[in-house]
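K.L.:
generate coordinates for the sequence data below:
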Amino acid sequence: MLILMTVNSAWNIWNFRRPLVESLLADGHQITVLAPPDESVGQLERVGCRFRPLEMNVKGLNPIEDLKLQRRLKRIFREEQPDAVLSFTIKNNIFGARAAHAAGVPFIPNVTGLGTAFLSGGLLQTVAEQLYRRAFAKLPIVFFQNEDDRDLFLDRKLVRTDQARLLPGSGIDLERFAPAEMPSGEAPPVFLMIARLLRDKGVIEFVEAARQIKARHSSARFQLLGATGSENRTAIDIATVEGWVAESVVEYLGTTNDVRPAIAAASCVVLPSYREGAPRTLIEAAAMARPLIATDVPGCRAVVDHDVSGVLCAVRNADSLAEAMERFLTLSSQAKAEMGRAGRLKMEREFDQALVVSAYRQALAALTGDGQS
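P.N.:
Take a look at the predicted model:
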């Protein structure tokens, strides 16, 4: 089969979908990645993908730009004539579904998160819901990464029960993200947040909670790992981050192609996000047996079992986050290690990447009658 995968950045495929890509290639399928180009293109090509650049504006809802994107996708789908299109991220899902219908191409979207449209409410959310409802109406399969998003789409009648299928996020390579020993109990505690530096990820709350904790525990360290200046309306600029560093409230680790050393060096991994699909950083940290602190919101609560593998706190609430951090600091070394082990066991039971690959193979088989090798 010729499978086309479309997303809003090539990096997304390389970072989150690589096990699926490698498995489908091993099954003998050809894969073309259609996305805005970035530094990941060469890596995708080296594992056997063909890359085709996609021009798109990833920020906001602009009717003119989005109509152009839909027409562009329809033209490309007609030129490529794939046996199936696998789509990820909001605009690729919505406008890709409409383009695929017009081009007569099978299409499987994966709702990896709902973004600022669903966080903002009001007119923007209404428009987004109408777009989803129309785009997904005739699709046989729509993947979701957590029960909350699936149930929301069902409640709002954006999809039907027979369409909706649940995935454990993008899955995790349990060998690559192997358990790591907790840092020494004598070392200062390290709270690590890995995310694109967006307000919607809870970065502001993380910094404010860090201020509160450092006032009582001066040796505690707070680290941010992730890109600034993202193509997102809630992005935090580098000057703001540099100000926090100058204040000595956080350490900024920049970006990396391998988060494992940072996770291994951390005592606890934190994500105070406003909403998630299936938070990759929490999944990776849990696989490495790190305790977690996250907000009690869709996506995060699918990964974190409260008081078992971590602690859940209130969303958009720095005080609640600081209380969760304080609570973590009072735990014994043994209790912290037990939290980490519980997270690892949950990843083994529920988030193995093999489950995601199997679900896609079954979906392709159902869609085309020729999805399995």
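
K.L.:
show me where the stretch 51-200 of the chain has its strands.
P.N.:
Remark: strands assigned in the stretch 51-200 of the chain by DSSP state E, counting those that start in this stretch are 84-88, 107-111, 142-144, 164-166, 190-194.

K.L.:
can I get the ones you listed in JSON lines including distance to Gly277?
P.N.:
Using the backbone N, CA and C atoms, a C-beta is placed for each residue, glycine as well. Listed next are the strands of the stretch 51-200 of the chain as JSON lines, based on distance: least, Cβ to Cβ, whole Å:
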{"stretch": "strand 84-88", "distance to Gly277": "10"}
{"stretch": "strand 107-111", "distance to Gly277": "7"}
{"stretch": "strand 142-144", "distance to Gly277": "8"}
{"stretch": "strand 164-166", "distance to Gly277": "12"}
{"stretch": "strand 190-194", "distance to Gly277": "16"}
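
K.L.:
can I get these in a markdown table with mean neighbour count?
P.N.:
Converted to a markdown table, the strands of the stretch 51-200 of the chain look like this (neighbours: other Cβ atoms under 10 Å):
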| stretch | mean neighbour count |
| --- | --- |
| strand 84-88 | 26 |
| strand 107-111 | 27 |
| strand 142-144 | 23 |
| strand 164-166 | 16 |
| strand 190-194 | 24 |
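
K.L.:
including mean pLDDT and distance to Gly243, could these go into JSON lines?
P.N.:
Converted to JSON lines, the strands of the stretch 51-200 of the chain look like this (pLDDT from 0 to 100; distance: least, Cβ to Cβ, whole Å):
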{"stretch": "strand 84-88", "mean pLDDT": "97", "distance to Gly243": "34"}
{"stretch": "strand 107-111", "mean pLDDT": "97", "distance to Gly243": "36"}
{"stretch": "strand 142-144", "mean pLDDT": "97", "distance to Gly243": "38"}
{"stretch": "strand 164-166", "mean pLDDT": "96", "distance to Gly243": "41"}
{"stretch": "strand 190-194", "mean pLDDT": "98", "distance to Gly243": "17"}
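
K.L.:
would you confirm that Phe129 contacts Val159?
P.N.:
Careful, residue 129 is Glu; it's not Phe. No. Contact between Glu129 and Val159 fails when scored by Cβ atoms under 8 Å: they sit 11.2 Å apart.

K.L.:
who's more crowded, those two?
P.N.:
More crowded of Glu129 and Val159, by other Cβ atoms under 10 Å: Val159, with 23 against 17.

K.L.:
thought the more buried one was touching Val142?
P.N.:
Yes. In this structure, Val159 is within contact of Val142 by Cβ under 8 Å, at 5.1 Å.

K.L.:
any common contacting residues for those two?
P.N.:
In terms of Cβ atoms under 8 Å, 6 or more residues apart in numbering, Val159 and Val142 are both contacted by the residues 136, 153.

K.L.:
which non-adjacent residue is nearest Phe107?
P.N.:
Ala100 (3.7 Å; Cβ to Cβ, 6 or more residues apart in numbering).

K.L.:
hmm, I was thinking of Lys336
P.N.:
Nearest non-adjacent residue to Lys336, counting by Cβ to Cβ, 6+ apart: Pro291, 5.5 Å away.

K.L.:
check Gln212 too.
P.N.:
Using Cβ to Cβ, 6+ apart, the closest residue to Gln212 is Ala322 (4.1 Å).

K.L.:
next, count neighbours for that neighbour.
P.N.:
21.

K.L.:
helices along the stretch 51-200 of the chain, start to end?
P.N.:
With DSSP state H, counting those that start in this stretch, the ranges of helices along the stretch 51-200 of the chain come out as 63-80, 90-103, 115-120, 122-136, 147-155.

K.L.:
and if you look at the stretch 251-373 of the chain?
P.N.:
Along the stretch 251-373 of the chain, the segments classed as helices by DSSP H, counting those that start in this stretch run 260-265, 280-287, 300-303, 318-330, 333-350, 353-368.

K.L.:
for those, which one ends up most surrounded?
P.N.:
Mean neighbours per residue, mean count of other Cβ atoms under 10 Å, is largest over the helices of the stretch 251-373 of the chain for helix 280-287, with a mean of 27.

K.L.:
please name every helix or strand in contact with that helix.
P.N.:
Judged by 3 or more Cβ pairs under 8 Å, 6 or more residues apart in numbering; DSSP states H and E, helix 280-287 is in contact with strand 190-194, helix 260-265, strand 268-271, strand 292-295, helix 300-303, helix 333-350.

K.L.:
which residues are contacting the fourth one?
P.N.:
Yep, that's strand 292-295 we're talking about. Strand 292-295 has contacts (Cβ under 8 Å, 6+ apart) with 191, 202, 268-274, 279, 282, 285-286, 300-301, 303-304, 309-315, 321, 324-325, 328, 339, 343.

K.L.:
now the first one
P.N.:
Strand 190-194 is touched from outside by 183, 201, 203, 206, 210, 213, 220-226, 259, 262-263, 265-272, 281, 284-285, 293, 325, with contacts defined as Cβ under 8 Å, 6+ apart.

K.L.:
ok, of the residues you listed, which come out buried?
P.N.:
183, 201, 203, 206, 210, 213, 220-226, 259, 262-263, 266-272, 281, 284-285, 293, 325 (16 or more other Cβ atoms under 10 Å).

K.L.:
would you mind measuring from the closest residue to Ile90 other than its chain neighbours to Gly254?
P.N.:
In space, and not counting its chain neighbours, Ile90 is closest to Gly115: 5.2 Å by Cβ to Cβ, 6+ apart. To Gly254, Gly115 is 25 Å away according to Cβ to Cβ, to the nearest Å.

K.L.:
looking at these two now, which is surrounded by more residues?
P.N.:
More crowded of Gly115 and Gly254, by other Cβ under 10 Å: Gly115, with 18 against 11.
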